[in-house]
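# dropping a prediction and its sequence here:
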Amino acid sequence: MQFKIKRTIENKEIVPSKQLMEFHAGFRRFHCKPIFSAETNPGASSEKLKYHRFLHKQTDAQAIATIYSPIVFAPCKVLCFTEKSLKSGDCSTIVATGIAMAPNPMKCILKRIMLTGYPLRCHKKKATIRYMFFNPTDIKYFKPVELQTRAGLRGRIKAALGTHGLMKCVFNDFIKHSDVVCMPLYRRVFPVWYPRTWDPKAPLELPDKNQTYDKEEEKDTMAD
């Protein structure tokens, strides 16, 4: 499920992605750990969202909160609370408000990762780059990806040099030693599967990876 939300003016709390929150959507109330993102093409039906590490404090900026939850049909309104806002007991401490979007499991949330390298030797449009990779196998794998520099140049990887991660690169203009070579990469991220969203009796904290949450075991413990 995706919810289009906005920050409230009163609340100045820092809300990172995957933090425990409580959503009030219509007659439903559940705990969840949403991840925040922004539309790459606002106003159009874009299937790709850009991942955000935090919920921005700008009240006019809209964010998309994505969670695993029961289906909530649009245009249901939603109120978002955090643990601090619930403990205060004041209704004015709502973190964000918004509406539910149409259920769409095909939306792709992309997180941008920037790899950086530094020129070791430069000659006109050619340069030897180091500290971006440390294995010739990685250089061969990422060879089709286009390179960018802080000065605005574009280039590509020509070949690996040696066995310690050096590589030969070619750019569209003269490159300087003071420039920084960047490689933007994107990977898909998913929301946290939180058991309490589906079962209110589940523990607030997620169990360890080696442990599994068992309802039958909980019933036996309650009976004892």
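Arrived safely. Numbering: from 1, shown residues only.

# what sits closest to Phe3 if chain neighbours are left out?
The shortest distance from Phe3 to any residue that is not its chain neighbour, by CB to CB, 6 or more residues apart in numbering, is 4.5 Å, and that residue is Ala65. For every residue, glycine as well, the C-beta is placed using N, CA and C.

# domain map for this structure?
Structural domains of the chain, as assigned by automatic domain parsing, span the residue ranges 2-106, 114-184.

# switch the ones you listed over to TSV; also include mean pLDDT.
Conversion of these to TSV gives the following (pLDDT from 0 to 100):
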stretch	mean pLDDT
domain 2-106	83
domain 114-184	93
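
# so which of those is nearest Pro191?
Between Pro191 and the domains of the chain, the shortest gap by CB to CB is with domain 2-106, which sits at 5.1 Å.

# which SS class is the residue nearest to Phe3?
Per DSSP: H, G, I helix; E, B strand; the rest coil, the secondary structure class of Ala65 is strand.

# how about the secondary structure of the most centrally placed residue in the chain?
The centre of the chain sits closest to Tyr51, judged by CA atoms, centre = their mean, with a distance of 3.6 Å. Following three-state DSSP, we place Tyr51 in the strand state.

# not counting sequence-adjacent ones, nearest residue to it?
For Tyr51, the nearest residue in space outside its immediate sequence neighbours is Lys111; the separation is 4.0 Å by CB to CB, 6+ apart.

# which residues does that neighbour bridge with?
Beta-bridge partners recorded for Lys111 (DSSP bridges): Arg187.

# tally up the residues packed near it, please.
The local packing count at Lys111 equals 16, with neighbours defined by other CB atoms under 10 Å.

# touching, it and Arg187? I think so.
Yes: with contact defined as CB atoms under 8 Å, Lys111 and Arg187 form a contacting pair (5.6 Å).

# ok, now which ones touch Lys140?
Contacts for Lys140 were tallied using CB atoms under 8 Å, 6 or more residues apart in numbering; they are Ala160.

# what's the answer for Pro103, then?
By CB under 8 Å, 6+ apart, the residues touching Pro103 are Met1, Gln2, Ile71, Val72, Phe73.

# so how far is stretch 101-119 off the chain centroid?
Averaging C-alpha positions (CA atoms, centre = their mean, to the nearest Å) puts stretch 101-119 7 Å from its chain's average.

# and stretch 17-33, by the same measure?
In terms of CA atoms, centre = their mean, the centre of stretch 17-33 is set 18 Å apart from its chain centre.

# convert it to CSV, retaining C-alpha atoms only.
As requested, C-alpha coordinates have been extracted for stretch 17-33 and formatted as CSV (Å, rounded to 0.1, in the frame of the first residue of the first chain):
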residue,chain,number,x,y,z
SER,A,17,12.4,5.5,7.0
LYS,A,18,11.7,2.2,8.6
GLN,A,19,10.9,3.8,12.0
LEU,A,20,8.0,2.3,14.0
MET,A,21,4.8,4.4,13.4
GLU,A,22,1.1,4.1,13.9
PHE,A,23,-1.3,4.7,11.0
HIS,A,24,-5.0,5.5,11.5
ALA,A,25,-6.6,4.8,8.1
GLY,A,26,-10.4,5.1,8.3
PHE,A,27,-11.6,2.6,10.9
ARG,A,28,-8.3,0.7,10.8
ARG,A,29,-5.4,1.4,13.2
PHE,A,30,-2.1,-0.5,12.9
HIS,A,31,1.6,-0.3,13.6
CYS,A,32,4.0,-0.4,10.6
LYS,A,33,7.5,0.6,9.5
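
# give me the contacts around it.
Stretch 17-33 is contacted by residues 3, 15, 34-36, 51-55, 67-70, 72, 76-83, 86, 95, 100, 191-192, 194, 196-197, 200, 204 when judged by CB under 8 Å, 6+ apart.
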